[in-house]
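Take this sequence and fold it.
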Amino acid sequence: MDPDGLRLAPLAAWIEASGLAIDRRSDLRAELLAGGRSNISYQIVDASGRDWVLRRPPLGHILPSAHDMDREFRVLTGLSRVGFPVPQPRALCEDESVIGAPFLLMDYVDGRVIADAEAAALLPPLEASAVCESLVDTLADLHAIDPMAAGLESLGRPEGYVERQVRRWGQQWELTRTRDLPDIERLASLLAERVDSLVPAPVSIVHGDYRVDNTILAPADPTVRAVLDWEMSTLGDPAMDLAIMLVYWTQAGDGLRGAVPVAQHITDQPGFWSREQIVEHYAARTGNALENLEVCTAVACFKLAVIMESILARSLQGQQLGMGAGESDEMREATQALAALGLRVLDDGPIRGLQA
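The predicted structure follows:
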């Protein structure tokens with residue numbers, strides 16, 4: 001029986017027709033990869049053990065423009081061209097008749113994904129610290145790439161990027177909401193006012209969802225071997241990536257932030273840096289004054305709140321695969337907590353506000 005979201009026989013025929021080497025002496029095998037709350041990832045293995053990762057949009061309720069496989073394929077192609085650590089893309093299929101949705105194939109990258117507190121706790125403190133350094137250095141390296149050199153100069157419109165994020169996620173909230181939440185409405189209103197105070201920022205390739213568990217570490221050393229999940233990438237203010245990373249980043253002493261089930265308690269294990277250390281190292285590596293970090297961090301809270309609500313909507317419809325499936329209560333609470341965190345960030349700044 002085919003797994004949800006896949007049709008293995010048509011997929012095998014398509015892989016062969018696309019020119020990729022495939023051993024069809026037996027049926028393809030597929031395994032849903034843990035970790036994805038948005039696009040769905042499967043490991044695909046042929047008869048000789050050759051494997052790929054297939055990425056496709058989620059089932060059911062899909063936010064417009066949020067799951068663009070062509071965009072992700074373009075970004076992977078461009079970044080691999082300039083030597084940035086990403087899985088090597090192999091093929092893009094926009095014909096929905098093959099598996100029921102567009103998809104891309106990329107190389108499977110062997111390594112370690114620190115996806116939960118148990119995995120993080122296995123790292124000795126010195127190695128955990130080195131992982132933090134590699135995570136921040138990799139983000140700084142991404143932001144140093146010339147988009148034109150990667151062929152990604154048309155990836156987005158950097159002017160007004162943060163303002164458009166506020167509008168976009170406000171619109172997505174209206175499309176995906178399952179209830180009324182006054183904190184979301186208040187946060188959206190305040191952000192619409194605060195974006196007018198943003199200062200001109202550098203233009204960089206922005207990942208859009210940068211966090212520990214969207215990276216693969218090398219098997220035997222604490223360096224980032226590949227960065228995953230590029231469906232939200234664009235051109236814009238690099239402070240947005242740092243802001244997203246901070247919102248995902250837990251640390252000892254967190255109150256409300258500790259209730260948000262996103263990368264929960266991975267980074268409050270011994271040896272992991274504080275959010276303040278993350279900001280200091282990034283600023284030292286890039287020379288970016290990060291004058292927009294407060295607003296960007298509140299926008300990140302808003303964005304993630306809406307994403308949690310969309311996962312809730314899919315979960316309630318029984319159409320969520322991977323992380324978030326069957327977690328309706330957690331997603332419901334996460335949306336509320338993230339909205340409240342966004343308001344606190346606007347009051348107290350990104351470091352103290354997230355410590356709430």
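
Pull the number of nearby residues for the residue nearest to residue 85 when sequence neighbours are not counted.
Leaving aside its chain neighbours, residue 85 sits nearest to residue 226 (5.1 Å; criterion: CB to CB, 6 or more residues apart in numbering). To be clear about C-beta, it is placed using only N, CA and C from the backbone, and glycine gets the same treatment. Around residue 226 there are 22 other residues, counting by other CB atoms under 10 Å.

Surely residue 282 is within a helix?
Yes - counting by DSSP: H, G, I helix; E, B strand; the rest coil, residue 282 is located in a helix.

which non-adjacent residue is nearest it?
residue 136 (5.2 Å).

how far away is that neighbour from residue 209?
Distance from residue 136 to residue 209, counting by CB to CB, to the nearest Å: 16 Å.

What of residue 105?
From residue 105 to residue 209 the distance is 21 Å (CB to CB).

mind listing what's buried in the helix or strand of the chain with the lowest mean pLDDT?
Lowest on mean pLDDT, DSSP states H and E among the helices and strands of the chain sits helix 328-348, with a mean of 89. Under the neighbour-count criterion of 16 or more other CB atoms under 10 Å, helix 328-348 has 328, 330-346 buried.

ranges for the helices of the chain?
8-17, 69-81, 117-121, 125-144, 161-176, 182-194, 239-248, 275-286, 293-316, 328-348, 350-354 (DSSP state H).

What are the contacting residues of the last one?
Yep, that's helix 350-354 we're talking about. Residues outside helix 350-354 that contact it (CB atoms under 8 Å, 6 or more residues apart in numbering): 243, 246-247, 249, 254, 257, 275-276, 279, 293-294, 297-298, 341, 344-347.

Let's see that with 10 Å instead.
239, 242-243, 246-247, 249-251, 254-257, 260, 274-276, 278-279, 290, 293-298, 300-301, 341-348 (CB atoms under 10 Å, 6 or more residues apart in numbering).

tell me the mean pLDDT for it?
Mean pLDDT, helix 350-354: 93.

same question, the third one
The average pLDDT for helix 117-121 rounds to 94.

Just to check, residue 216 is in contact with residue 113?
Yes - proximity of residue 216 to residue 113 meets the contact threshold set by CB atoms under 10 Å, at 5.7 Å.

what sits against the residue nearest to residue 282?
224, 242, 245, 273, 277-286.

For it, give me the pLDDT.
On the pLDDT scale, residue 136 gets 99.

any idea how the chain splits into domains?
Following automatic domain parsing, one finds the domains of the chain at 8-107, 117-354.

Throw these into TSV and include distance to residue 2, thanks.
Shown next, in TSV, are the domains of the chain (distance: least, CB to CB, whole Å):
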stretch	distance to residue 2
domain 8-107	5
domain 117-354	13
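
Of those, flag the one that's most buried.
domain 117-354 (a mean of 19; mean count of other CB atoms under 10 Å).

Give me the common contacts of residue 216 and residue 113.
226, 228.

Now do the contacts for the closest residue to residue 129 other than its chain neighbours.
In space, and not counting its chain neighbours, residue 129 is closest to residue 271: 4.8 Å by CB to CB, 6+ apart. The neighbourhood of residue 271, defined by CB under 10 Å, 6+ apart, consists of 120, 121, 123, 124, 125, 126, 127, 128, 129, 130, 131, 132.

Can I get stretch 284-304 in PDB, CA atoms only?
The C-alpha coordinates for stretch 284-304 follow below in PDB (Å, rounded to 0.1, in the frame of the first residue of the first chain):
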ATOM      1  CA  ALA A 284      30.600  40.000  15.600                       C
ATOM      2  CA  ARG A 285      30.700  37.700  12.500                       C
ATOM      3  CA  THR A 286      28.600  40.000  10.300                       C
ATOM      4  CA  GLY A 287      29.100  43.500  11.500                       C
ATOM      5  CA  ASN A 288      25.400  43.900  11.400                       C
ATOM      6  CA  ALA A 289      24.100  46.400  14.000                       C
ATOM      7  CA  LEU A 290      20.800  44.500  14.100                       C
ATOM      8  CA  GLU A 291      18.800  47.700  14.600                       C
ATOM      9  CA  ASN A 292      15.600  46.000  13.400                       C
ATOM     10  CA  LEU A 293      16.000  42.900  15.600                       C
ATOM     11  CA  GLU A 294      13.200  43.800  18.000                       C
ATOM     12  CA  VAL A 295      10.500  44.300  15.400                       C
ATOM     13  CA  CYS A 296      11.800  41.300  13.400                       C
ATOM     14  CA  THR A 297      11.600  39.100  16.500                       C
ATOM     15  CA  ALA A 298       8.000  40.200  17.200                       C
ATOM     16  CA  VAL A 299       7.200  39.500  13.500                       C
ATOM     17  CA  ALA A 300       8.800  36.000  13.900                       C
ATOM     18  CA  CYS A 301       6.500  35.300  16.800                       C
ATOM     19  CA  PHE A 302       3.500  36.400  14.700                       C
ATOM     20  CA  LYS A 303       4.600  34.300  11.700                       C
ATOM     21  CA  LEU A 304       5.100  31.200  13.800                       C
END
